[in-house]
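Trainee: predicted model, plus sequence, below.
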Amino acid sequence: MLAVSLIVLCLLFRVVPHPPNLAPVGAAAVMAGRTLRWPLAVAVTLAAMALSDVALASLHGYRAFGPGTLFVYAGFAAQVLLGRALRRRRGGAIAAAVLGATAFFVLSNLGVWALSSMYPRDGAGLIACYVAALPFFGATLVGDVLWTIALALAWRAAARRLADRPRWVPTGSLDGAAL
């Protein structure tokens, strides 16, 4: 249920108009890493990205996947792994959101530098690429932290609500003992 909810959330919020870099994918990756087994968490995150990339491409008439896709998806996989690694630490969700946004920034812009002709393929070109991307990083960082807080609060509320709910227990079994 959580896996499907995260995919739908990412798909919906990437497709509807929103301020640049304020979609919940990074936060969903962190939450998936914190709450799901790691192979499923990575699969859920990458499925959300792939499905939303296909939807966006069909809506706007461009290719869904390109050479840089690997770098972008690696950035989100890093967020899953950071969410997983910091899941038992106090403040781990926020730390994973900040570190995850940073990992995404580093990996995705490394892909821009390595695969495009926008920057020279030297140290100065790499620095220029990262400097040009700084305004996007600010929005990504804010979005990932705010979405992580929202998802963590929703997760806690849902867990509390489910914990307070009476569980269904069968009245008996074939041998007369309660299950």
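Mentor: Alright, I've got the coordinates. Numbers count the residues shown, from 1 in each chain.

Trainee: so, low pLDDT: which residues of this structure?
Mentor: Residue ranges of the chain with pLDDT under 70: 166-179.

Trainee: mind listing the helices in it by residue range?
Mentor: Along the chain, the segments classed as helices by DSSP state H run 2-15, 25-35, 38-60, 69-85, 92-115, 123-164.

Trainee: any chance of TSV for these, columns mean neighbour count?
Mentor: Yep, even glycine has a C-beta here, placed from its N, CA and C like the rest. Output for those, formatted as TSV (neighbours: other Cβ atoms under 10 Å):
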stretch	mean neighbour count
helix 2-15	18
helix 25-35	29
helix 38-60	17
helix 69-85	22
helix 92-115	21
helix 123-164	15
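
Trainee: what number of residues lie near V16?
Mentor: The local packing of V16 (other Cβ atoms under 10 Å) involves 8 other residues.

Trainee: now P19: phi and psi?
Mentor: The phi and psi values for P19, taken as degrees, to the nearest 10, are phi -60, psi 140.

Trainee: ok, for it, nearest residue in space, not its chain neighbours?
Mentor: Spatial nearest neighbour of P19, excluding adjacent residues (Cβ to Cβ, 6 or more residues apart in numbering): A139 at 6.8 Å.

Trainee: make sure the one you found is actually in contact with A23.
Mentor: No - A139 is beyond contact range of A23, at 10.1 Å (criterion: Cβ atoms under 8 Å).

Trainee: and the closest residue to G26 other than its chain neighbours, how far from A114?
Mentor: Spatial nearest neighbour of G26, excluding adjacent residues (Cβ to Cβ, 6+ apart): D144 at 3.9 Å. D144 is 23 Å from A114, where distance means Cβ to Cβ, to the nearest Å.

Trainee: ditto for A139
Mentor: Distance of A139 to A114, computed by Cβ to Cβ: 23 Å.

Trainee: with S5 instead?
Mentor: For S5 relative to A114 (Cβ to Cβ), the value is 35 Å.

Trainee: what of R90?
Mentor: For R90, the distance to A114 - Cβ to Cβ - is 37 Å.

Trainee: what do you get for G68?
Mentor: 9 Å.

Trainee: list the contacts of L40.
Mentor: With contact set as Cβ atoms under 8 Å, 6 or more residues apart in numbering, L40 has these partners: 3, 32.
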